[in-house]
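**Q** Next one to model:
(one chain, ligands or ions: 1)
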Amino acid sequence: MSERTYLSPPHMGDVERGLLLEAFDSNWIAPLGPHVDGFEREMSELLGGKTHAAALSSGTAALHLALIILGIGPGDRVLVPTLTFAATANVVRYVGATPVFVDCDKETWQVSPDLVAEAIADGAKHGKPPRALITVDLYGQCADYARLSEICATAGIQLIQDAAEALGATHRGAAAGTQAELAALSFNGNKIITTSGGGMLLSPRRDYIELARKLSTQAREPVAHYEHELIGYNYRMSNLLAAVGRGQLRHLPARVAARRANFEHYRRTLGELPGWSFMPEASYGTHTRWLTTALIDAQRFGVDREQVRLALEAENIESRALWKPMHLQPVFRDAPRVGGAVSEALFRDGLCLPSGSSLQEADRERIIARVQRCGQEAR
Ligand SMILES: *Cc1c(COP(=O)(O)O)cnc(C)c1O
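**A** Next up is the predicted model:
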C-alpha cells in the first residue's frame with residue numbers, strides 16, 4: 001500500500017526550521033518575544049500595511065476575542081453562515097449569544113447577501129435584530145463583501161470576518177483579512193500556512209488590537225503586581241511558534257501558486273467527467289484553492305460522493321465531504337436559521353480532494369486515475 005496522501009498536510013521548509021532553532025537557542029520560549037512582534041509586523045505588511053495584528057493561540061481564540069471586543073454577549077443574536085467549520089458558530093455560544101444560521105449562495109458557495117438581508121429584516125420584525133454577522137471566506141475565497149458590508153452598514157450591525165481559510169486570497173485587489181473591522185486568521189496544521197496551532201486577530205483599529213493583546217495575556221493592568229479589571233484569557237501565541245510562522249509567511253505566494261496548480265490540474269482532467277463540477281471562482285477576487293472542492297452529480301457520474309471517497313480511502317488517499325452545515329449539527333438543532341437547502345445539497349454532493357502545496361505529481365495522477373476508474377466501473 002502506498003504511503004497515505006493527506007487532504008492538506010503541513011508543508012515545512014529549512015527557513016522555518018532555522019528560525020525555530022534560533023528562537024529555541026535564544027531561550028525566548030515564553031509567549032511574547034521578538035518573533036511574535038516580527039510575525040505581527042510582517043503579516044501587517046503583507047496585508048497592505050493598514051492592518052494591526054495580534055498573534056494568538058488559534059483562529060478560534062481570535063474569533064472569540066472579536067466578539068468580546070464588540071461587547072456581544074447573552075441575549076444577542078449573531079448571523080453565521082451555516083456552511084462552515086463549527087468554530088465559527090461555537091464562539092457565539094462561548095459568549096452566551098445565539099447563532100442564527102444563514103444559507104449560502106449557489107453561485108459562490110459563500111453566505112448569501114440576500115438571505116443576510118432577509119435575516120436582518122426578519123429579526124427586526126420580531127424584535128430580535130442581530131448584533132453582528134460573521135462572514136466566512138470559504139475554502140480560500142472571500143465572501144461577497146461589496147454587498148455584505150453595505151447591508152451591515154445600512155442595518156447598523158457589526159461585521160466580523162472569519163478568514164481562517166483564505167489567507168493569500170484577494171477581494172477587489174485587497175488582501176483577504178482586510179474586509180472587516182475585525183478579522184480572524186488560522187495557522188492550524190491543515191491551513192495554507194501553519195504554526196502547528198495558531199491564529200491572528202486583525203483590525204484597522206489599533207485600540208481593538210491593543211485590547212486583544214491585553215485580553216489574551218490574562219488582562220493584566222500595567223502595574224508591578226497582578227491587577228485585573230477585566231476577565232482575561234491565555235490566548236497568546238508562543239515565540240517558538242511565531243518563528244515558524246515567519247518562515248511560513250515567506251513562502252505564502254508559492255503555496256498559493258501550488259494549490260492553484262493542483263486545482264487547475266484536477267479541473268482539466270476531472271472536469272471532463274460527466275456530473276463533475278468545481279467550486280466557482282467569483283469575479284470579485286482570486287481564490288487560493290486552499291482546498292479543491294468538487295461537486296459530483298451521482299445521477300450523471302454513476303456513483304455518489306461517498307462512494308468516491310471510500311474508493312480513494314481504500315487506496316490510502318484522504319478526501320473529505322464539505323463542512324456539514326451547522327443547522328444539521330445535533331448541538332445546534334434548536335438554533336434559528338434562514339434557508340438551508342443550498343448548503344444541504346453542497347454537503348450531499350461535495351468532496352474536498354487532496355490539495356496540499358507539497359502534493360506530488362505522481363500522487364495527484366494516482367488520485368485522478370482512481371476517480372476516472374470509479375466512473376468507468378459505474379458505467
Ligand atoms: C480552521 C478554521 C477555524 C478555526 O481555526 P483554529 O486555528 O483551528 O482554531 C475557524 N473557522 C474556519 C472557517 C476554519 O476553517
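
**Q** Spell out the secondary structure type for Asn288.
**A** You called it Asn, but residue 288 is Thr. Following DSSP: H, G, I helix; E, B strand; the rest coil, the label given to Thr288 is coil.

**Q** quick one: pLDDT of the residue nearest to Val80 when sequence neighbours are not counted?
**A** Spatially, and ignoring its direct neighbours in sequence, Val80 is nearest to Pro99 (4.6 Å; Cβ to Cβ, 6 or more residues apart in numbering). Any C-beta I mention is one placed from the backbone N, CA and C, and that applies to glycine too. Per-residue pLDDT puts Pro99 at 98.

**Q** How about the residues of the stretch 201-350 of the chain by the ligand?
**A** With Cβ under 6 Å from any ligand atom as the criterion, the stretch 201-350 of the chain does not meet the ligand at any residue.

**Q** For the stretch 201-350 of the chain, just list every one of the strands.
**A** Along the stretch 201-350 of the chain, counting by DSSP state E, counting those that start in this stretch, strands occupy 276-278, 292-296, 320-321, 337-338, 350-353.

**Q** Would you list the strands that the first one pairs with, along with their directions?
**A** Okay, so that is strand 276-278. As defined by DSSP bridges, the strand partners of strand 276-278 come to strand 292-296 (antiparallel).

**Q** Same question for the third one.
**A** Take DSSP bridges as the rule and strand 320-321 pairs in its sheet with strand 350-353 (antiparallel).

**Q** contacts for the strand it pairs with?
**A** Residues outside strand 350-353 that contact it (Cβ atoms under 8 Å, 6 or more residues apart in numbering): 7, 139, 262, 266, 291-296, 305, 308-309, 319-322, 367.

**Q** Show me what the host helix or strand of Glu150 is packed up against.
**A** Secondary structure assigned from DSSP states H and E places Glu150 in helix 145-155. The elements that helix 145-155 packs onto, with contact taken as 3 or more Cβ pairs under 8 Å, 6 or more residues apart in numbering; DSSP states H and E, are helix 113-125, strand 132-136, strand 158-162.

**Q** ok, now which ones touch Leu20?
**A** Leu20 is in contact with Leu240, Ala243, Val244, Gly247, counting by Cβ under 8 Å, 6+ apart.

**Q** what about 7 Å?
**A** Residues counted as contacts of Leu20 (Cβ atoms under 7 Å, 6 or more residues apart in numbering) are Leu240, Ala243, Val244.

**Q** Okay, buried residues for stretch 184-191 please.
**A** Ala184, Leu185, Ser186, Phe187, Asn188, Asn190, Lys191 (16 or more other Cβ atoms under 10 Å).

**Q** Now do the end-to-end distance for it.
**A** The first and final residues of stretch 184-191 sit 13 Å from each other (Cα to Cα, to the nearest Å).

**Q** quick one: it near the ligand?
**A** Yes. Stretch 184-191 reaches the ligand (Cβ under 6 Å from any ligand atom) through Ser186, Asn188.

**Q** ok, now which ones touch the residue in the chain that the ligand sits nearest to?
**A** Closest residue of the chain to the ligand, Cβ to the nearest ligand atom: Gly59 (2.7 Å). Contact partners of Gly59, counting by Cβ under 7 Å, 6+ apart, are Ala87, Ala164, Ala184, Leu185, Ser186, Asn188, Gly199.

**Q** just to revisit the earlier point, would you show me how to pick out the buried ones of the contacts of Leu20 in ChimeraX?
**A** Selection of buried members from these for ChimeraX, criterion 16+ other Cβ under 10 Å:
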select :240,243,244
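
**Q** Identify the farthest-apart pair in the buried residues of stretch 184-191.
**A** Spatial extent of these (Cβ to Cβ) is set by the pair Ala184 and Asn190 at 15.7 Å.

**Q** in the stretch 51-200 of the chain, which segments are predicted with low confidence?
**A** In the predicted model of the stretch 51-200 of the chain, no residue satisfies pLDDT under 70.

**Q** Could you tell me which residues of it lie near the ligand?
**A** Counting by Cβ under 6 Å from any ligand atom, the stretch 51-200 of the chain sits next to the ligand at 58-60, 84-85, 87-88, 136, 162, 164-165, 186, 188, 199.

**Q** Run the chain-centre distance for the helix holding Glu150.
**A** Taking Cα atoms, centre = their mean, to the nearest Å, the mean C-alpha location of helix 145-155 is offset from the chain mean by 21 Å.

**Q** and stretch 321-329, how far out from the chain's middle?
**A** In terms of Cα atoms, centre = their mean, the centre of stretch 321-329 is found 15 Å from the chain centre.

**Q** Contacts for that stretch next, please.
**A** For stretch 321-329, the external contacting residues (Cβ under 7 Å, 6+ apart) are 80, 82-86, 89, 101, 293, 305, 332, 335, 337, 340, 343-344, 346-347, 350-352.
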